[in-house]
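Novice: coordinates only, sequence not included:
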């Protein structure tokens, strides 16, 4: 192996010179070159950016994948550039599968089996929506932030270490010039000082450019955060819509199931038959005929959060003025409350 002994000796000499200078600065309070205030502010902002970005990345990873074992497995596959075969079911899909198995066991022709089947299908939809949300968040938010830490931030730290070494070389040359006693040694020390000063100034400019680029990184991460919020908003809006649809379907299953409950014969049977007919008649009176365009009062039976600007958020026991409009979805009615107007699902209301 070919060694460059001159370079090796020069590096060793520089290492011991820096170590000596750092020791004198630490214990003997030797003078050292100070950086300007603007540069110091850039360094502090870089440190804060790295600290908070690492914390943000850690929290995002924990949120998107709470299981640390799975996270380590993903890192393992990523480092080895391996591809997973198939995809693991998430919790919602596991729940949906358990309900689907129950529905198959009890039969979807029964009210309970039919309800299990409907809920299972909705859980599968929620699981798919969650998987899409996690994928989008990982690609559009998590990956860019990790690349910033592993790329730009690592380069900045590397250049800062080089700058620290150049600064120690510069101060070491200054000390040698102060201690020089002969003209010859002074001339050598002055030449070394000029070289060290030029290298230090060059490294300062390089590091400064990198530090000023952190503002661009902040702008890029702002876009990542917006993408994350949009993906999260779409996921929750989709989940809310699926659950609202499921609730309407289950209300239909419940009302259908109440008509097929077997009745006892005799006096009790006549009483149950009479009670069922009264309840059905009452429910029919509380429904709003699709062709009825009149204005009515309705009571809210469950809180509802609007998922679009055209809808109205209401709370349980609110009293609303409701009516239909031509072309409106039959599952919705127009509602007015406190001077505000918007659509509300009919399944959340009880006509007074």
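Specialist: Yes, it's here. Predicted model, so just to flag it, every value in this text is computed and none were measured.
Novice: so residue 33 sits right up against residue 201, yeah?
Specialist: No - assessed by CB atoms under 8 Å, residue 33 is found out of contact with residue 201, at 10.6 Å. Yep, even glycine has a C-beta here, placed from its N, CA and C like the rest.
Novice: the helices in this structure, which residues?
Specialist: In chain order, the chain shows helices spanning 5-27, 37-64, 68-79, 91-106, 111-137, 143-148, 154-179, 183-212, 214-257, 266-286, with DSSP state H as the criterion.
Novice: between those, which one is nearest to residue 319?
Specialist: Checking the helices of the chain against residue 319 by CB to CB gives helix 266-286 as the closest, at 14.4 Å.
Novice: residue 318 is nearest to which of the helices of the chain?
Specialist: Smallest distance to residue 318 across the helices of the chain (CB to CB): 16.3 Å, for helix 266-286.
Novice: residue 301 reaches residue 348, doesn't it?
Specialist: Yes - counting by CB under 8 Å, a contact exists between residue 301 and residue 348, whose distance comes to 6.3 Å.
Novice: name the residue in the two with the higher neighbour count.
Specialist: The residue with more neighbours, out of residue 301 and residue 348 and counting by other CB atoms under 10 Å, is residue 348; that gives 24 against 13.
Novice: distance of the more buried one relative to residue 249?
Specialist: The spacing between residue 348 and residue 249, counted by CB to CB, to the nearest Å, is 14 Å.
Novice: can you check residue 17 too?
Specialist: On the measure of CB to CB, residue 17 and residue 249 end up 79 Å apart.
Novice: please apply the same query to residue 52.
Specialist: Residue 52 sits at a distance of 45 Å from residue 249 (criterion: CB to CB).
Novice: neighbour count: the two, which is higher?
Specialist: Set side by side, residue 52 and residue 249 give different neighbour counts by other CB under 10 Å, the larger being at residue 249 (17 against 10).
Novice: which one is that one nearest to, not counting chain neighbours?
Specialist: Counting by CB to CB, 6 or more residues apart in numbering, residue 118 is the residue found nearest to residue 249 once chain neighbours are left out, at 5.2 Å.
Novice: what about that neighbour, how many neighbours?
Specialist: Tallying neighbours of residue 118 according to other CB under 10 Å, which is how burial is gauged here, yields 19.
Novice: that one contacts residue 250, correct?
Specialist: Yes - in terms of CB under 8 Å, residue 118 counts as a neighbour of residue 250; the distance is 6.6 Å.
Novice: other residues contacting stretch 33-45?
Specialist: The contact list for stretch 33-45, computed with CB atoms under 8 Å, 6 or more residues apart in numbering, reads 160, 167, 170-171, 174, 200, 204, 208, 211-212, 214.
Novice: quick check, nearest of those to residue 108?
Specialist: The shortest distance between residue 108 and any of the contacts of stretch 33-45, using CB to CB, involves residue 214 and amounts to 58.5 Å.
Novice: give me the pLDDT value at the closest one.
Specialist: Reported pLDDT at residue 214 in the predicted model: 92.
Novice: isn't it right up against residue 49?
Specialist: Yes - with contacts defined as CB under 8 Å, residue 214 counts as touching residue 49 at a distance of 5.5 Å.
Novice: residues touching residue 342, list them.
Specialist: Counting by CB under 8 Å, 6+ apart, the residues that residue 342 touches are 306, 310-313, 334-335.
Novice: list the buried residues in stretch 341-352.
Specialist: 342-349, 351 (16 or more other CB atoms under 10 Å).
Novice: for residue 326, which of the helices of the chain is the nearest?
Specialist: Among the helices of the chain, the nearest to residue 326 by CB to CB is helix 214-257 (21.7 Å).
Novice: farthest pair within the contacts of stretch 33-45?
Specialist: Of all pairs drawn from those, the widest gap by CB to CB lies between 174 and 214 and measures 30.8 Å.
Novice: against residue 101, how distant is residue 308?
Specialist: 35 Å.
Novice: in terms of neighbours, single out the busier of the two.
Specialist: Higher neighbour count among residue 308 and residue 101: residue 101, with 12 against 9, using other CB under 10 Å.
Novice: perfect, that will be all.
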